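Enquirer: structure of the sequence below:
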Amino acid sequence: MAVPEEAPLVAGIELGGTKCVVLLATGPDDIRAEARIATTTPQETLDAIEDRLREWRIKHRFQAIGVAGFGPLALDPRRPDYGCIVNTPKPGWDGTSLIQRALRFGVPVGLDTDVNAAALAEGRWGGAQGLQSWAYVTVGTGIGVGAIVEGRPIRGLGHAELGHLRVPRLKGRSWPGACPYHGDCVEGIASGPAIAIQAGFPAESLSRTDPVWDDVVHALTGCFHNLVLTTAPERILIGGGVGLGQPHLIPRIRKALAESLNGYAVAPRIAEDIEAFLAHPSLGNRAGPLGSIALALGSLATVEAAPILRSAQACA
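Expert: Numbers count the residues shown, from 1 in each chain. Now for the predicted structure:
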């Protein structure tokens, strides 16, 4: 596909728990450069990212930077900890600023969680195009939910953390769950590590009839039930290593969700085309990296916010 001459060239950083993907692109059909960097210590990881951005800035003069990071993140630009990772269980990363170095390049910077960014990418280029409200759910090492309402991620005191909702357990289940904060929240029951602890094997090694999947389907269905009745998404897209790697899950969750909603409120509209309502993301595993490009492009659309962003201070 030909790229319009006016398409701005931007840089994006998807900072994940094990690796970072750094892109130089105008969109999914025009990726000029890509780098993968292991997530080790904050100093080592951010030094490597900054070196790559500096090289690209000299050669290509990109116009903005998008930063999509694992969280939780402080996302209130009025606060001095804006752009910092907060209360993370990842050793060494609590209090690390993900935005301070990006601001050194003197271009607009867009920042959000990795899952919100992926949701925005699906809205711009993927399976949520043309919608006003939708959700992107990643089921993998953790469970994150990017809930978009009227084209914008939910925001209040912080960003939404729907993967940590508490939902009813299946009868007879007493396993305490794997979440270090909440035990048997959705992430504590249905994430990849939770599945491995409960089953004794990683998710990819389990048969589709393993009883652990009953807990996973039940927990995710409870999460989606609550999501439908709070943010009223027009579509829910399920990605992540477990979400994309277990094709038997979505049909089971579709059936369970219809039964859970039991015809209430918007349930009949969902039932009209539940295959489209609950689906895989069109961008697949590229939704995350492209989310950082979506954030960069979004920062250009709201460039008047740049003076606020430049005031961000160190986290600690």
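
Enquirer: how near is residue 80 to residue 100?
Expert: Going from residue 80 to residue 100 by CB to CB, to the nearest Å gives 11 Å. C-beta: built from backbone N, CA, C; applies to glycine.

Enquirer: got a list of what the spatially most distant residue from the centre of the chain touches?
Expert: Distance from the C-alpha centroid of the chain, by CA atoms, centre = their mean, peaks at residue 172 (32.1 Å). By CB atoms under 8 Å, 6 or more residues apart in numbering, no residues touch residue 172.

Enquirer: wait, a strand at it?
Expert: No - judged by DSSP: H, G, I helix; E, B strand; the rest coil, residue 172 forms no part of a strand; its state is coil.

Enquirer: ok, it to residue 218 distance?
Expert: In terms of CB to CB, residue 172 sits 12 Å off from residue 218.

Enquirer: need the residue closest to the centroid of the protein.
Expert: Mean-position check on the chain, CA atoms, centre = their mean. Result residue 115 at 0.9 Å.

Enquirer: now that residue: which helix or strand?
Expert: Assigned by DSSP states H and E, residue 115 belongs to helix 114-125.

Enquirer: what are the buried residues along that helix?
Expert: 114, 115, 116, 117, 118, 119, 120, 121, 122, 123, 124, 125 (16 or more other CB atoms under 10 Å).

Enquirer: stretch 211-225 now?
Expert: Of the residues in stretch 211-225, 212-213, 215-225 count as buried by neighbour count, 16+ other CB under 10 Å.

Enquirer: what about this protein, any weak spots by pLDDT?
Expert: Counting by pLDDT under 70, the low-confidence segments of the chain come to 1-5, 303-316.

Enquirer: tell me where it has helices.
Expert: 42-60, 114-125, 186-190, 192-199, 212-230, 240-245, 249-261, 267-272, 274-277, 287-301, 306-309 (DSSP state H).

Enquirer: distance to residue 156 added to those, as JSON lines?
Expert: Shown next, in JSON lines, are these (distance: least, CB to CB, whole Å):
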{"stretch": "helix 42-60", "distance to residue 156": "27"}
{"stretch": "helix 114-125", "distance to residue 156": "13"}
{"stretch": "helix 186-190", "distance to residue 156": "20"}
{"stretch": "helix 192-199", "distance to residue 156": "27"}
{"stretch": "helix 212-230", "distance to residue 156": "13"}
{"stretch": "helix 240-245", "distance to residue 156": "24"}
{"stretch": "helix 249-261", "distance to residue 156": "25"}
{"stretch": "helix 267-272", "distance to residue 156": "26"}
{"stretch": "helix 274-277", "distance to residue 156": "26"}
{"stretch": "helix 287-301", "distance to residue 156": "19"}
{"stretch": "helix 306-309", "distance to residue 156": "18"}
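
Enquirer: OK, contacts around residue 27?
Expert: 3, 7, 125, 290, 293, 297.

Enquirer: same thing but at 7 Å, please
Expert: By CB atoms under 7 Å, 6 or more residues apart in numbering, the contact list for residue 27 reads 7, 125, 293.
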